[in-house]
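Colleague: requesting a structural model of the entry that follows:
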Amino acid sequence: MLNNQKLYLETKDVDRYGRTVGVIYTADGDEINLELVCDGHAWWYERYAKKASDYKQCQEEAQKNKRGLWAEEDPVAPWDWRRR
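Modeller: Sure, this is the predicted structure:
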């Protein structure tokens, strides 16, 4: 997907565990985070991004078209998986 492109991180926050929360862009300005959700390779976490309607739309389309993790019969959200 990235083919050795330079990437740029826009830091948004640091979570309670000290991890950087941000958005990754290519040199062309493509938003990698969004592309991952659109392709079904990442989960949109509504709790922390309620206003991110573009992410919501991408995830709904990925679910509808059974792309990526949505091709699984019963995908488990990462936050649910960690509780197990």
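
Colleague: secondary structure element holding the closest residue to Ala62 other than its chain neighbours?
Modeller: The shortest distance from Ala62 to any residue other than its chain neighbours is 3.9 Å, reached at Gly40 (C-beta to C-beta, 6 or more residues apart in numbering). No exception for glycine: its C-beta is placed from N, CA and C like everyone else's. When elements are assigned from DSSP states H and E, Gly40 belongs to no helix and no strand.

Colleague: then Val23?
Modeller: strand 20-26.

Colleague: distance from the one helix or strand in the chain whose mean pLDDT sits lowest to the middle of the chain?
Modeller: Per-element confidence for the chain was summarised using mean pLDDT, DSSP states H and E. The lowest value among helices and strands belongs to helix 78-83, with a mean of 87. The chain centre lies 16 Å from the centre of helix 78-83; the measure is C-alpha atoms, centre = their mean, to the nearest Å.

Colleague: list the neighbours of that helix that are in contact with it.
Modeller: Residues from elsewhere that reach helix 78-83 (C-beta atoms under 8 Å, 6 or more residues apart in numbering): 43, 45.

Colleague: what score does the nearest residue to Lys6 once chain neighbours are set aside have for pLDDT?
Modeller: With sequence-adjacent residues excluded and distances taken as C-beta to C-beta, 6+ apart, Lys6 is closest to Ala27, at 4.9 Å. Note on Ala27: pLDDT of 92.

Colleague: wait, Ala27 sits on Asn4?
Modeller: No. Ala27 is beyond contact range of Asn4, at 11.1 Å (criterion: C-beta atoms under 8 Å).

Colleague: higher neighbour count, the two?
Modeller: When neighbours are counted by other C-beta atoms under 10 Å, Ala27 comes out ahead of the other of Ala27 and Asn4, with 9 against 4.

Colleague: list the contacts for that one?
Modeller: Applying C-beta under 8 Å, 6+ apart to Ala27 gives the contacts 5-8.

Colleague: show me where this protein has strands.
Modeller: Secondary structure of the chain (DSSP state E): strands at 7-14, 20-26.
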